[in-house]
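Asks: build me a model:
(one chain, ligands or ions: 1)
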Amino acid sequence: MALVKCADCQAEISDQAPTCPKCGRPMAAQAATAKKSSNQRLATGVVLIAVGALAYFFAPDIYLSMGGVIAGVAGLVVLFVPAKK
Ligand SMILES: [Zn+2]
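Replies: From the prediction side, this is the model:
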(Lines give C-alpha, C1' and ligand atoms only; values in the text may rest on other atoms or scores of the structure.)
Protein backbone atom coordinates (compact mmCIF):
# COMPACT_ATOMS: atom_id res chain seq x y z
CA MET A 1 0.00 0.00 0.00
CA ALA A 2 1.42 3.35 -1.00
CA LEU A 3 0.40 6.95 -1.02
CA VAL A 4 -0.22 8.64 -4.33
CA LYS A 5 -1.08 12.21 -5.15
CA CYS A 6 -4.51 13.06 -6.44
CA ALA A 7 -4.15 14.50 -9.93
CA ASP A 8 -6.86 17.07 -9.25
CA CYS A 9 -6.27 18.39 -5.71
CA GLN A 10 -2.73 17.01 -4.95
CA ALA A 11 -3.94 15.44 -1.70
CA GLU A 12 -1.95 12.36 -0.65
CA ILE A 13 -4.25 9.37 -0.68
CA SER A 14 -3.92 5.59 -0.58
CA ASP A 15 -3.48 3.95 -3.96
CA GLN A 16 -6.10 1.45 -2.77
CA ALA A 17 -8.74 4.15 -2.37
CA PRO A 18 -11.39 4.01 -5.11
CA THR A 19 -11.88 7.78 -5.01
CA CYS A 20 -10.05 10.77 -3.58
CA PRO A 21 -11.52 11.43 -0.10
CA LYS A 22 -10.92 15.16 -0.52
CA CYS A 23 -12.31 15.97 -3.97
CA GLY A 24 -13.97 12.71 -5.00
CA ARG A 25 -11.90 12.12 -8.13
CA PRO A 26 -12.16 8.45 -9.10
CA MET A 27 -8.79 6.73 -8.69
CA ALA A 28 -9.76 3.58 -10.58
CA ALA A 29 -9.40 5.52 -13.83
CA GLN A 30 -5.64 5.86 -13.28
CA ALA A 31 -5.21 2.13 -12.63
CA ALA A 32 -7.24 1.24 -15.71
CA THR A 33 -5.08 3.49 -17.89
CA ALA A 34 -1.89 1.90 -16.57
CA LYS A 35 -3.23 -1.56 -17.21
CA LYS A 36 -4.27 -0.65 -20.73
CA SER A 37 -0.84 0.73 -21.62
CA SER A 38 0.80 -2.41 -20.22
CA ASN A 39 -1.47 -4.55 -22.41
CA GLN A 40 -0.55 -2.46 -25.46
CA ARG A 41 3.09 -2.95 -24.57
CA LEU A 42 2.63 -6.70 -24.38
CA ALA A 43 0.85 -6.76 -27.74
CA THR A 44 3.58 -4.62 -29.33
CA GLY A 45 6.32 -6.94 -28.04
CA VAL A 46 4.54 -10.10 -29.21
CA VAL A 47 3.86 -8.64 -32.67
CA LEU A 48 7.49 -7.51 -33.06
CA ILE A 49 8.78 -10.95 -32.08
CA ALA A 50 6.32 -12.72 -34.39
CA VAL A 51 7.18 -10.46 -37.34
CA GLY A 52 10.88 -10.79 -36.55
CA ALA A 53 10.71 -14.60 -36.40
CA LEU A 54 8.76 -14.76 -39.68
CA ALA A 55 11.23 -12.44 -41.40
CA TYR A 56 14.16 -14.42 -40.02
CA PHE A 57 12.93 -17.81 -41.18
CA PHE A 58 11.31 -16.84 -44.47
CA ALA A 59 13.42 -13.90 -45.62
CA PRO A 60 14.73 -14.29 -49.18
CA ASP A 61 18.00 -12.53 -48.35
CA ILE A 62 20.36 -11.94 -45.43
CA TYR A 63 19.42 -8.27 -44.99
CA LEU A 64 15.73 -8.97 -44.41
CA SER A 65 16.80 -11.84 -42.16
CA MET A 66 18.90 -9.46 -40.06
CA GLY A 67 15.95 -7.06 -39.97
CA GLY A 68 13.91 -9.90 -38.52
CA VAL A 69 16.51 -10.49 -35.79
CA ILE A 70 16.48 -6.77 -34.95
CA ALA A 71 12.67 -6.70 -34.79
CA GLY A 72 12.71 -9.78 -32.56
CA VAL A 73 15.25 -8.25 -30.20
CA ALA A 74 13.25 -5.01 -30.10
CA GLY A 75 10.18 -7.07 -29.21
CA LEU A 76 12.04 -8.77 -26.36
CA VAL A 77 13.21 -5.40 -25.08
CA VAL A 78 9.64 -4.05 -25.15
CA LEU A 79 8.42 -7.14 -23.29
CA PHE A 80 11.09 -7.50 -20.62
CA VAL A 81 12.62 -4.09 -19.96
CA PRO A 82 10.46 -2.48 -17.26
CA ALA A 83 8.76 0.79 -18.08
CA LYS A 84 10.14 3.92 -16.45
CA LYS A 85 8.02 5.09 -13.57
ZN1 LIG B 1 -8.42 14.92 -4.88
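
Asks: up against the ion, what does the protein have?
Replies: The chain has residues C6, D8, C9, A11, C20, K22, C23, R25 near the ion, with proximity defined as C-beta under 5 Å from the ion. For the C-beta atoms, the positions are set from N, CA and C on the backbone; glycine is no exception.

Asks: list the contacts for the third one?
Replies: In other words, C9. Shown in contact with C9 (C-beta atoms under 8 Å, 6 or more residues apart in numbering): C20, K22, C23, R25.

Asks: contacts only, for the last one.
Replies: Contacts here follow C-beta under 8 Å, 6+ apart; on that basis R25 touches C6, A7, D8, C9, T19.

Asks: distance of it relative to I70?
Replies: Applying C-beta to C-beta, to the nearest Å, the value for R25 to I70 is 43 Å.

Asks: does the residue positioned nearest the centre of the chain belong to a helix or a strand, and which?
Replies: By C-alpha atoms, centre = their mean, the chain has its centre lying nearest to S38, at 3.0 Å. Assigned by DSSP states H and E, S38 belongs to helix 28-58.

Asks: tell me the buried residues in that helix?
Replies: Within helix 28-58, the residues scored as buried using 16 or more other C-beta atoms under 10 Å are G45, L48, I49, V51, G52, A55, Y56.
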